[in-house]
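Engineer: 3D, please:
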Amino acid sequence: MKHLNIVNPQSFIKAIEDFNCGNTAILKIDAKDFEIPQNETAPLEGFIFPENFPDCCESHRQVLNDSIKLLNEFPDCCKGHKKLISQVGLKRVTTIIYQAKFLRHILIHVIA
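Structural biologist: Take a look at the predicted model:
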């Protein structure tokens, strides 16, 4: 992990104070108070997509369809994502939604 972004600095400061004062043996910070940015990945050396990907087989078609369905429903896809607006704020959720819509565009128009 390269780094993490602190979304709620007060929570992070409290976790450090609790640790330094001996109130806890480990730093504890709630998942809503930080984020771990995605790392860039590269395909394995020599990797080649199957011919007609993702229409090469039922498994890849299903992964594509499931991904598009989830992105169409985001952030109303599950309880956890519905809580995003109250936990991290509308501006941040809007950024996440635009990123998800961009990914959806790539899935539909570039890969499919």
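
Engineer: can you tell me how far the residue most central in space within the chain sits from Asp18?
Structural biologist: Centroid-nearest residue in the chain, with Cα atoms, centre = their mean: Gln38, separated by 7.4 Å. Using Cβ to Cβ, to the nearest Å, Gln38 is found at 29 Å from Asp18. Where C-beta positions appear, they are placed from N, C-alpha and C, glycine not excepted.

Engineer: For the helix or strand where Gly80 lies, which outside residues touch it?
Structural biologist: Using DSSP states H and E, the element containing Gly80 is helix 79-82. Residues from elsewhere that reach helix 79-82 (Cβ atoms under 8 Å, 6 or more residues apart in numbering): Phe74, Pro75, Asp76.

Engineer: avg pLDDT for it?
Structural biologist: Mean pLDDT, helix 79-82: 76.

Engineer: same thing with stretch 9-23?
Structural biologist: 89.

Engineer: Quick one: residues in contact with it.
Structural biologist: The contact list for stretch 9-23 (Cβ under 8 Å, 6+ apart) reads Ile6, Thr24, Ala25, Ile26, Leu27, Lys28, Ile29, Asp30, Asp33, Phe34.

Engineer: List the buried residues for it?
Structural biologist: Using 16 or more other Cβ atoms under 10 Å as the burial criterion, the residues of stretch 9-23 that qualify are Phe12, Ala15.
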